[in-house]
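[1] Below are the sequence and a predicted model for it; my questions follow.
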Protein chains: 2
Amino acid sequence: MPLEIRPSQALRLWRQVHLDLVRDGEPDLSARQTAILLTVYLELPPHTVRGLAKQLGVTKPVITRALDTLGKLGLLTRKRDEEDRRNVVIQRTVAGALAVERLGDLVTEHAKDIGAG
Amino acid sequence: MPLEIRPSQALRLWRQVHLDLVRDGEPDLSARQTAILLTVYLELPPHTVRGLAKQLGVTKPVITRALDTLGKLGLLTRKRDEEDRRNVVIQRTVAGALAVERLGDLVTEHAKDIGAG
DNA sequence: CGATAATGATACGGCCCCGTAACGATCGGG
DNA sequence: CCCGATCGTTACGGGGCCGTATCATTATCG
């Protein structure tokens, strides 16, 4: 059951959601940070720095820095893996879950406003 | 004719598109920069610094800096308004139009892959 | 054990961006 | 004319993020 949407509709939706994110004063996340955040919240755990780096096709320091920022924003946390203490497990937070949920609702709401254009 | 999409679908779509943008090596635009870019390409001209600042709910220097960067990336250009030389008109570029078009196609493509989840 | 591999974090020089405040250029009304 | 209003830009100190190289810690295997 594919979702049908035309490029012109997609672009209007993309713009409206970004406009809302900016206007609501949400932290100005980059595409990389957004991809990391959503991957952690939508994909099955466990999530590691190395795993995220591979999925995004970026280097490990990119992930470490993004986690620093997202952690500072309270959107997720890090925990050492006690089974293999080299690993760090990225975990969800209540604030992060709420932010992701709000984003989902935001997209859904604006989708309703997208006409046949 | 509203577009029907559930929050869980919206989030998966949002993630997939951001993943592609990151993996394709596209410049890592922030939410603000994306909002500006799409506004210029989807809304009717003319676009001014002040107008964009008002639409996004941010200060003028934010727009100026974003235009510096987007201009450096070749995604748009600035031109002085000869009618009122205080104004600067933001204009589209071929590269910018292509980038926006790619984004629209990207969203549309991934929408097809979104199932009933 | 000891050597090697793997993980995530850090150091570095450089650039971008922030918010606030001030600036020069330009227009318009008295 | 000139003064005030408006336009976009720049200056400032501070912080974030970049890519590359290196680091300390931990695990693995001979």
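    In hand now; what should we look at?
[2] these two touch, right, A:Q9 and A:I114?
    Yes - under the criterion of C-beta atoms under 8 Å, A:Q9 makes contact with A:I114 at 4.9 Å. All C-beta atoms are positioned from the backbone trio N, CA, C, and that covers glycine.
[3] Common neighbours of the two, please.
    B:L3 (C-beta atoms under 8 Å, 6 or more residues apart in numbering or on different chains).
[4] which stretch of helix or strand covers A:S8?
    Assessed by DSSP states H and E, A:S8 sits inside helix A:7-23.
[5] And chain B, is that helix touching that?
    Yes - among the residues of helix A:7-23, A:7-15, A:18-19, A:21-23 lie within reach of chain B under C-beta under 8 Å from any C-beta of the partner chain.
[6] Just to check, A:V62 is in contact with A:Q33?
    No - counting by C-beta under 8 Å, A:V62 does not reach A:Q33; the two are 9.9 Å apart.
[7] I'd like to know which residues of chain A are adjacent to DNA strand D.
    Contact residues (C-beta under 7 Å from any atom of the strand) of chain A with DNA strand D: A:30, A:32-33, A:58-62, A:65-66, A:68-69, A:72, A:84-86.
[8] now with 10 Å?
    A:27-33, A:36, A:56, A:58-73, A:80-87 (C-beta under 10 Å from any atom of the strand).
[9] So which of the residues you listed sit within helices?
    A:31-33, A:36, A:56, A:60-72 (DSSP state H).
[10] filter those by proximity to chain B?
    Counting by C-beta under 8 Å from any C-beta, the members of these near chain B are A:31-32, A:56.
[11] Up against DNA strand C, what does chain A have?
    Residues of chain A lying near DNA strand C (C-beta under 10 Å from any atom of the strand): A:22, A:25, A:28, A:30, A:46-54, A:59-68, A:71, A:78-81, A:84-90.
[12] could you point out the longest helix in chain A?
    Longest helix in chain A, counting by DSSP H: helix A:94-113.
[13] And the contacts of it?
    Counting by C-beta under 8 Å, 6+ apart, A:13, A:16-17, A:20-21, A:26, A:37-38, A:40-41, A:70, A:73-76, B:2-8, B:10-11, B:13-14 sit against helix A:94-113.
[14] Who wins on neighbours among the ones next to chain B among the ones in helices among the residues of chain A next to DNA strand D?
    With neighbours taken as other C-beta atoms under 10 Å in any protein chain shown, the top of these is A:A31, carrying 22 neighbours.
[15] residue contacts, that residue?
    B:18, B:21-22, B:26, B:28-29.
[16] And those, which of them are buried?
    Neighbour-count burial (16 or more other C-beta atoms under 10 Å in any protein chain shown) applied to the contacts of A:A31 gives B:18, B:21-22, B:29.
[17] Distance of the closest residue to A:P7 other than its chain neighbours relative to A:L73?
    Spatially, and ignoring its direct neighbours in sequence, A:P7 is nearest to B:G104 (3.3 Å; C-beta to C-beta, 6 or more residues apart in numbering or on different chains). Between B:G104 and A:L73 the computed distance is 29 Å (C-beta to C-beta, to the nearest Å).
[18] So which of these two has more stuff around it?
    The neighbour comparison of B:G104 against A:L73 (other C-beta under 10 Å) goes to B:G104, with 23 against 17.
[19] tell me the pLDDT at that one?
    At B:G104, the pLDDT value in this model is 97.
[20] okay, and for chain A, where does confidence drop off?
    By pLDDT under 70, the weakly predicted segments of chain A are A:1, A:116-117.
[21] I am finished for the moment; much appreciated.
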